[in-house]
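Enquirer: Predicted structure and sequence below. I'll ask about it afterward.
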Amino acid sequence: MLQDNISNMPPTDPVKLYQEVAALSAGKLKSVLLLMDRAVLLLKEAQADTALRPTHTVKVQNILAELERSLNVKEGDQAKALFVLFDYVFAALNQRNERAIETALKFLTPLRDTLKKI
């Protein structure tokens with residue numbers, strides 16, 4: 001399956017090819033890290049360029065929704081706490097303003113940095 005996806009990609013962009021292979025072959029923790037890295041990057045870009053804010057905040061909300069769906073809240077308090085955190089940040093981003101982005105970065109950046117240490 002991985003090879004089928006790779007063979008269908010044009011060889012013109014090796015960076016995108018590498019990212020695709022990394023995403024498709026990543027374990028659960030690595031997949032979460034990729035999503036968290038992307039969310040933080042999008043938030044920083046939205047902070048720097050207000051024209052990107054509407055689209056980037058929606059993209060981050062989509063990432064948060066995917067992370068929420070991946071949690072097994074029946075299995076422990078950590079999953080429940082992460083769900084509440086992701087939900088809080090998701091709701092804050094509905095404001096689409098600087099304060100919302102700062103709030104999201106305040107919570108997501110340290111979480112991402114902690115996951116990198118695991």
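Expert: Sure thing, it's come through.
Enquirer: May I have the residues that are in contact with the residue nearest the centre of the chain?
Expert: Nearest to the mean C-alpha position of the chain, by C-alpha atoms, centre = their mean, lies residue 35 at 3.0 Å. The contact partners of residue 35, by C-beta atoms under 8 Å, 6 or more residues apart in numbering, come to 63, 66-67. (Each C-beta comes from the backbone N, C-alpha and C, glycine too.)
Enquirer: And residue 105, which helix or strand is it part of?
Expert: Assigned by DSSP states H and E, residue 105 belongs to helix 98-117.
Enquirer: Let me know the helix or strand that the residue nearest to the centre of the chain is in.
Expert: When elements are assigned from DSSP H and E, residue 35 belongs to helix 28-48.
Enquirer: what comes up buried for that helix?
Expert: Neighbour-count burial for helix 28-48, counted by 16 or more other C-beta atoms under 10 Å, picks out 31-33, 35-36, 39-40, 42-43, 46-47.
Enquirer: Pick out the lowest-pLDDT one from the residues you listed.
Expert: Lowest-confidence member of these: residue 31, scoring 88 (pLDDT).
Enquirer: Compute the distance between that residue and residue 99, please.
Expert: As judged by C-beta to C-beta, to the nearest Å, residue 31 and residue 99 stand 30 Å apart.
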